[in-house]
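A.B. asks: give me the fold of what follows.
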Amino acid sequence: MVGAAWSGVVLVTAVSLVPAALVVVALAWWRRGSAHRWRYSFAEVGMVVGTAPWVWMILTPRGSGRSVEAVPLAGLLSFGSASTAIEQIGGNLLVFAAFGFCAPLRWRVSVAQVAALACAGSVVVELLQYALAIGRVTSVDDVLLNTTGAAIAALVSQRSRVVDEVLV
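C.D. replies: Numbers count the residues shown, from 1 in each chain. Reported below is the predicted structural model:
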């Protein structure tokens, strides 16, 4: 079932790339004359297109009921197989990674600020999973991994001069 969820995210993201590129071009055209029109347009669209499919996936019901894993790292140490651990850890690192990468391109924000915003967003998603009783586990580990993924991506974004050269 998890593989199908990943397939859906990959498919939706792939299908959305062409319309997303068109939106970037349209926004940049609309902002003509602005010094950072391409950078801002790419960042705004990237945050949405890179984050929305993941949030959609993790709010997709898997049945009914609710459960909570409130002890940090306990869930990470209890995966049944290495492939499940890689899938869960990797997926959670990617949830807010696009936001983490694109936010410093759009605004003057630090890695700590990006991490705080991603943490807040992750807490909201986890609380929604609990409140909606959609058969998903509300986990503090997910919040930690989502936040870490965004912070790492923000760090990469801030250190990348290639992005500055291409999107000026």
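A.B. asks: who are the packing partners of the lengthiest helix in the chain?
C.D. replies: Secondary structure assigned by DSSP state H gives helix 2-30 as the longest helix of the chain. If contacts are counted by 3 or more Cβ pairs under 8 Å, 6 or more residues apart in numbering; DSSP states H and E, helix 2-30 sits against helix 37-58, helix 82-94. C-beta here means a position set from N, CA and C on the backbone, and glycine is covered the same way.
A.B. asks: residues contacting the longest one, please?
C.D. replies: It refers to helix 37-58. Helix 37-58 is touched from outside by 5-6, 8-9, 12-13, 16-17, 20, 23-25, 27-28, 31, 34, 91, 94-99, 101-103, 105-106, 125, 129, 136, 142, 163-164, 167-168, with contacts defined as Cβ atoms under 8 Å, 6 or more residues apart in numbering.
A.B. asks: now swap in stretch 104-122 and tell me
C.D. replies: Against stretch 104-122 from outside (Cβ under 8 Å, 6+ apart): 39-40, 42-44, 46-47, 95-96, 99-100, 103, 142-143, 146-151, 154-155, 157-158, 163, 167.
A.B. asks: on that earlier part again, are any of the contacts of helix 37-58 buried, and which?
C.D. replies: 5, 9, 13, 16, 20, 23-24, 27-28, 91, 94-99, 101-103, 105-106, 125, 129, 136, 142, 163, 167 (16 or more other Cβ atoms under 10 Å).
A.B. asks: any stretches of this structure with poor pLDDT?
C.D. replies: 1-6, 161-168 (pLDDT under 70).
A.B. asks: try it again with 50
C.D. replies: 1 (pLDDT under 50).
A.B. asks: okay, which residue is most central for the protein?
C.D. replies: Closest to where the C-alpha atoms of the chain average out (Cα atoms, centre = their mean) is F96, at 2.2 Å.
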